[in-house]
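Peer 1: What shape does this take:
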Amino acid sequence: MNAPRGKLTTNAPLAPLLWFKAGGPADWLFEPADADDLSEFLKHLPAETPVLALGLGSNLIVRDGGVAGVVVRLGKTFGKVSADGETLMCGGGASGIAVSSAARDAGLAGLEFLRGIPGTVGGFVRMNGGAYGREVADVLVEATVVTRAGSVETRSVSDLAYSYRHSNLADGEIVISARLRGAPGERTAIQAEMDRIAAAREASQPLRTRTGGSTFKNPPGHKAWELVHNAGCRGLRVGGAEVSEKHNNFLINSHRATAADIEALGELVRAHVLRESGVALEWEIQRVGRVAEVSSFPTPNPSPSGVGLGNVPQGATP
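Peer 2: This next block holds a predicted model:
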């Protein structure tokens with residue numbers, strides 16, 4: 001295996017990359033130079049090595065013991081967006097704001113809702129992200145995916161078998177680009193809708209705190225925030241984590257919370273809601289990694305390329 005052209009770092013801190021600003025390190029963090037670099041890296045990665053894609057770090061709890069295997073973070077190379085007729089070609093690392101802004105500039109309506117999704121194309125294509133009455137399934141034409149084995153495949157929207165906040169993408173598969181469809185529209189009207197969405201988020205969500213976004217999925221016939229509120233969980237705390245008083249479906253790291261604090265708070269909220277209403281809330285936030293051992297620090301697994309830590313491949317940062 002040739003050394004990857006991207007950046008490969010061992011025992012890489014992840015907390016600075018996460019909205020919650022809590023959690024342990026990745027055994028390995030890989031930031032590929034481009035799609036070919038990612039494909040080659042995964043082709044030569046032992047099949048038993050776990051792979052996790054990381055976008056903007058929202059919608060994610062990384063447990064305090066860190067993440068086994070390789071975390072892949074798509075950088076600026078994957079953040080480009082370009083218009084092609086009534087569609088947009090979007091890199092997997094492009095943010096929802098970047099996509100909606102590019103759509104506005106191209107005079108394409110129907111993608112304004114992406115302004116309200118705090119994540120990247122790769123993340124919201126995987127989970128069928130949505131906001132303000134629309135979801136990715138409504139606008140996706142096709143997505144390009146690098147599989148865990150390193151092959152590059154194009155999947156149509158029907159191939160992904162979308163349901164509420166779910167697709168059939170397998171663990172370790174990484175969305176590197178997507179084609180989204182809009183409709184001709186007036187730029188001023190598109191901007192006005194984006195402004196409305198931004199103002200609504202600012203008014204109702206704790207955007208200026210350390211949070212992960214919406215914590216629980218909305219159960220059929222219910223709003224998660226309302227169930228949490230009715231269960232008396234507004235302002236509930238565990239350690240340094242608390243339920244936002246501004247929006248009860250948001251957990252926030254208000255007092256140097258650990259990832260364990262945040263996850264325990266979420267489970268406590270679920271228990272209160274189940275007891276009060278009989279509804280079992282499902283996590284929308286993804287929870288990954290190892291629980292930290294008491295009074296110990298996680299030790300990285302052996303190099304995923306079979307190279308020991310004493311012989312880090314070129315391009316890796318010990």
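Peer 1: So which other helices or strands are in contact with the helix or strand where Asn11 lies?
Peer 2: According to DSSP states H and E, Asn11 maps onto strand 7-12. Judged by 3 or more C-beta pairs under 8 Å, 6 or more residues apart in numbering; DSSP states H and E, the packing partners of strand 7-12 are strand 26-31, strand 316-317. For every residue, glycine as well, the C-beta is placed using N, CA and C.
Peer 1: quick one: strands adjacent to the first one?
Peer 2: Which is strand 26-31. According to DSSP bridges, strand 26-31 forms sheet pairs with strand 7-12 (antiparallel), strand 67-73 (parallel).
Peer 1: Find the residue closest to Leu71 in space, skipping its chain neighbours.
Peer 2: Careful, residue 71 is Val; it's not Leu. Closest residue in space to Val71, ignoring its immediate chain neighbours: Ala26 at 4.0 Å, by C-beta to C-beta, 6 or more residues apart in numbering.
Peer 1: Near the one you found, how many other residues are there?
Peer 2: Neighbours of Ala26 under the rule other C-beta atoms under 10 Å: 27.
Peer 1: who's in contact with the spatially closest residue to Arg210 that is not a sequence neighbour?
Peer 2: Spatially, and ignoring its direct neighbours in sequence, Arg210 is nearest to Asn253 (3.8 Å; C-beta to C-beta, 6+ apart). Residues in contact with Asn253 (C-beta atoms under 8 Å, 6 or more residues apart in numbering) are 20-22, 209-211, 240-241, 261-262.
Peer 1: Quick one, grab the pLDDT at Asn253.
Peer 2: Asn253 carries a pLDDT value of 98.
Peer 1: how much space between it and Glu293?
Peer 2: Asn253 sits 22 Å away from Glu293, taking C-beta to C-beta, to the nearest Å as the criterion.
Peer 1: now swap in Gly79 and tell me
Peer 2: On the measure of C-beta to C-beta, Gly79 and Glu293 end up 37 Å apart.
Peer 1: Compare the two and say which is more crowded by neighbours.
Peer 2: Neighbour comparison, Gly79 and Glu293: the larger count goes to Gly79, with 16 against 10 (by other C-beta under 10 Å).
Peer 1: Check the contact between that one and Gly96; I expect there is one.
Peer 2: No - under the criterion of C-beta atoms under 8 Å, Gly79 makes no contact with Gly96, lying 11.9 Å away.
Peer 1: Give the residues shared as contacts by those two.
Peer 2: Common neighbours of Gly79 and Gly96 (C-beta under 8 Å, 6+ apart) do not exist.
Peer 1: quick revisit: of all the contacts of Asn253, which two lie farthest apart?
Peer 2: Using C-beta to C-beta, these span at most 14.6 Å, a distance reached by Thr209 and Asp261.
Peer 1: Who has more neighbours out of these two?
Peer 2: Neighbours around Thr209 and Asp261, counted as other C-beta under 10 Å, are more numerous at Asp261. The numbers are 22 against 16.
Peer 1: average pLDDT for whichever strand or helix holds that one?
Peer 2: Per DSSP H and E: Asp261 is located in helix 259-277. Mean per-residue pLDDT for helix 259-277: 98.
Peer 1: Let me know which of the helices and strands packed on strand 7-12 is the nearest to Glu245.
Peer 2: Between these, strand 26-31 lies closest to Glu245; by C-beta to C-beta that is 32.8 Å.
Peer 1: distance of Ile97 from Ala83?
Peer 2: 16 Å.
Peer 1: er, Arg187 actually
Peer 2: Counting by C-beta to C-beta, the gap from Arg187 to Ala83 is 13 Å.
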